[in-house]
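Novice: sequence-free structure coming up:
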Ligand SMILES: [Mn+2]
């Protein structure tokens, strides 16, 4: 009996060593933990003038996003449905912010929902909606995790303050409400009191900029925000740019990473159905490379995909845009185009 037991132990020891040694090596390339993904629609379009961004989440669902993620990555995905959108109509007491109350109320509800989803130990993919939703998604992320790094991939900087915006559209302002150094330029309003958290400018980086307003440029330069324009992508190449951006905002990999991906960062030929397209953007290949690098980085907790507008362009344009967005989401949460190595696919942030 004793001998049997000894043999059994030895055999187990060897197989454990072999298994765990292999496992440790293997987990450098995949992940050692199971991780669950929550999908949340935020059909908000009050942040801009056009009809349509609010139909973004429905377009993703119609294209079979959840099944595509399950099939491609064999991962645990739960669709949390849509955040209730506020449509408060009363007149705002703040200048140059169109539909201020609706935008702020939606962001507040979003922040709470994101906190709830992250509190379940999930990572999260949010479907916009216009880009103002990111005020709520990033804020909810900061409520759940103290130390957040924010990568903003966009043709535009979205860092206007109400007094510097040309249009008064709030989808061009969420970054200034999120950033510690620019929040103080906003008037102190009761409607903004729920905003308890902010992110220091050093934790923020941009990729893809090519339409930056004059005051936005001033703010970025004055605060020394890491900002890679499309010309930097040409000069250094996308791999160097995304690596430099992540090294700047999360050098030790100890921050929980939030990526806010505006579909207009992509070249309009790749993603035509969006409200403020700017030609000369990132190729889909470059967008996917950014997200695969983010996946390897291993700290991604929330990804926003915003500004898909199914009412712009022909049916083929809408399908092309949604397909491009789904490729971005797959790259972020599942990883390599070359093939998936493990059944426990999702990278869980280690922070
Ligand atoms: Mn944007």
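Specialist: Yep, that arrived. Treat the numbers as computed from the prediction; the structure is a model and nothing was measured.
Novice: which residues does the spatially most central residue of the chain bridge with?
Specialist: With the centre of the chain defined as its mean C-alpha position, the nearest residue by Cα atoms, centre = their mean is residue 303, 2.6 Å away. Beta-bridge pairing for residue 303 (DSSP bridges): residue 125, residue 259.
Novice: list the contacts for it?
Specialist: The contact partners of residue 303, taken as Cβ atoms under 8 Å, 6 or more residues apart in numbering, are 124-126, 258-261, 291, 329, 332-333. C-beta coordinates here come from the backbone N, C-alpha and C atoms, glycine included.
Novice: need these in CSV with neighbour count and distance to the ion, can you?
Specialist: Formatted as CSV, those follow (neighbours: other Cβ atoms under 10 Å; distance: Cβ to the ion, whole Å):
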residue, neighbour count, distance to the ion
124, 26, 19
125, 25, 17
126, 30, 13
258, 30, 14
259, 23, 13
260, 27, 8
261, 31, 9
291, 24, 16
329, 21, 17
332, 25, 17
333, 25, 21
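Novice: Spell out which parts of this structure neighbour the ion.
Specialist: By the criterion of Cβ under 5 Å from the ion, the positions of the chain lying close to the ion are 131, 154, 156, 158, 262.
Novice: Turn these into TSV, columns for pLDDT and secondary structure.
Specialist: Listed next are those as TSV, based on pLDDT from 0 to 100; DSSP: H, G, I helix; E, B strand; the rest coil:
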residue	pLDDT	secondary structure
131	98	coil
154	98	coil
156	98	coil
158	98	coil
262	98	strand
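Novice: neighbour-wise, which of those residues leads?
Specialist: With neighbours defined as other Cβ atoms under 10 Å, the most crowded of the residues of the chain next to the ion is residue 131; it has 32 neighbours.
Novice: quick one: contacts for it?
Specialist: Each residue near residue 131 by Cβ under 8 Å, 6+ apart is listed here: 47, 154, 158, 171-172, 174, 260, 262, 304, 306-307.
Novice: Please identify which helix or strand holds residue 134.
Specialist: Following DSSP states H and E, one finds residue 134 within helix 133-144.
Novice: ok, residues contacting the very next helix or strand once past that helix?
Specialist: Towards the C-terminus, the helix or strand next in line after helix 133-144, according to DSSP H and E, is strand 148-153. Outside strand 148-153, the residues within contact range by Cβ under 8 Å, 6+ apart are 134, 138, 141-142, 158, 175, 178, 199, 203-208, 245-246, 249-250, 255-262, 265, 282, 287, 290, 294, 299.
Novice: Could you tell me which of those residues belong to helices?
Specialist: Among those, the ones falling in helices (DSSP state H) are 134, 138, 141-142, 175, 178, 245-246, 249, 287, 290, 294.
Novice: Double-check residue 162 against residue 98; I have them as touching.
Specialist: No. Proximity of residue 162 to residue 98 does not meet the contact threshold set by Cβ atoms under 8 Å, at 10.0 Å.
Novice: Need the overlap of contacts for these two.
Specialist: Between them, residue 162 and residue 98 share the contacting residues residue 168, judged by Cβ under 8 Å, 6+ apart.
Novice: in the stretch 1-150 of the chain, which spans are strands?
Specialist: Remark: strands of the stretch 1-150 of the chain, listed N- to C-terminal, are 36-42, 76-82, 123-128, 148-153; assignment by DSSP state E, counting those that start in this stretch.
Novice: Any idea which of those gets closest to residue 315?
Specialist: Among the strands of the stretch 1-150 of the chain, the nearest to residue 315 by Cβ to Cβ is strand 123-128 (19.4 Å).
Novice: Could I get the average pLDDT for that closest one?
Specialist: For strand 123-128, the per-residue pLDDT values average out at 98.
Novice: Stretch 201-218 now?
Specialist: In the prediction, stretch 201-218 has an average pLDDT of 98.
Novice: Now do the end-to-end distance for that stretch.
Specialist: According to Cα to Cα, to the nearest Å, stretch 201-218 extends 14 Å from its N-terminal end residue to its C-terminal end residue.
Novice: Can you point out the buried residues in it?
Specialist: Buried positions in stretch 201-218, judged by neighbour count with 16 or more other Cβ atoms under 10 Å: 201, 203-213, 215-216.
Novice: Could you do stretch 63-78 as well?
Specialist: For stretch 63-78, a neighbour-count test (16+ other Cβ under 10 Å) marks 63, 65, 68-69, 73, 75-77 as buried.
Novice: Out of the residues you listed, which one has the weakest pLDDT?
Specialist: In this model, the minimum pLDDT among those belongs to residue 73 (75).
Novice: Fine by me, we can end here.
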